[in-house]
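A.B. asks: Got a predicted structure plus its sequence, pasted below:
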Amino acid sequence: MSLKQSYFRYSISFAKIGAARFIGHLDLQSLFQKAIKRAKLPIAYSEGFNPHQLLSFAAPLPLGMAGHMEILEVFLTQEVSREKIITSLQEQLPEGIKIVGLMEVPSIGKSAAAIIRKATYSIVFSEELNLEEIIQAVLNSKSIEVEKKSKKGISKADIRPDIHDIKVDSAHGIQAILACGSERNLKPDVLARHILCIAGIVPENCDITYERLTMGQEVPSL
């Protein structure tokens, strides 16, 4: 995508909680496109026969996962104050989606999606586990081979390099910092299944919340 130097690029962080977590990625994209249009923000459009708004999401979440800091990048044709973007856009968003941060970034350069390195997740299990012992075993492991699903099918992979840190929150929950981005990526449900297997429990659904991203430049909160 070729971008003009005159565009103004903004990185917006937002929370998606409650019933809004069941909005799929394509619907979320359409929702923001309509909200931007109704807010009358001077959004930039691509060139060609089928022009579309210049916006992108850094790390789309799977359906059903709540998020406290997703990242949306937009390109505007005019400079707009931080307060006006936040206020006008928030008025057009449904309950469960709230803007929590915004910053202007250089119009030319790598996208947020390209510079993401880590993501922090909160994982809560349905029953009490001996998490202190299990997490210590995970962190002390030199390698952790698991089955991962991809477009090519099921394959085995070592996920230990993708686990940056894990901290126990309670007998039911942990916070995990995992690799996230185009270079390396570990889905939190893969780690959750491994923990349950260590505990001798048949993998089950658990409550996973995406807390924040770590990248080259953080988006300041409101």
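C.D. replies: Now that the structure is in, tell me what you want to look at.
A.B. asks: what mean pLDDT does the top strand by length along the chain have?
C.D. replies: Counting residues, the longest strand found in the chain (DSSP state E) is strand 66-76. The average pLDDT for strand 66-76 rounds to 94.
A.B. asks: Ser126 contacts Cys206, doesn't it?
C.D. replies: Yes: look at Ser126 against Cys206 with C-beta atoms under 8 Å: they come within range, at 6.4 Å. Any C-beta I mention is one placed from the backbone N, CA and C, and that applies to glycine too.
A.B. asks: Show me the common contact partners of these two, please.
C.D. replies: Counting by C-beta atoms under 8 Å, 6 or more residues apart in numbering, Ser126 and Cys206 have no contacts in common.
A.B. asks: What strand or helix carries the closest residue to Glu128 other than its chain neighbours?
C.D. replies: Nearest residue to Glu128 in three dimensions, chain neighbours excluded: Ala171, at 4.3 Å (C-beta to C-beta, 6 or more residues apart in numbering). Counting by DSSP states H and E, no helix or strand carries Ala171.
A.B. asks: Please report how far Ala171 lies from Ile208.
C.D. replies: Separation of Ala171 from Ile208 (C-beta to C-beta, to the nearest Å): 17 Å.
A.B. asks: One more: Tyr45?
C.D. replies: To Ile208, Tyr45 is 35 Å away according to C-beta to C-beta.
A.B. asks: before we move on, the earlier item: neighbour count: Ala171 and Ile208, which is higher?
C.D. replies: Set side by side, Ala171 and Ile208 show more neighbours around Ile208, with 20 against 12, by other C-beta atoms under 10 Å.
A.B. asks: gap between the more buried one and Leu191?
C.D. replies: Distance, Ile208 to Leu191, using C-beta to C-beta: 10 Å.
A.B. asks: which residues do the two both contact?
C.D. replies: By C-beta under 8 Å, 6+ apart, the residues touching both Ile208 and Leu191 are Ile123.
A.B. asks: For the residue lying farthest from the centre of the chain, identify the helix or strand it belongs to.
C.D. replies: Here the centre of the chain is the reference, and by C-alpha atoms, centre = their mean the most remote residue is Phe49, at 31.1 Å. Using DSSP H and E, Phe49 maps to neither a helix nor a strand.
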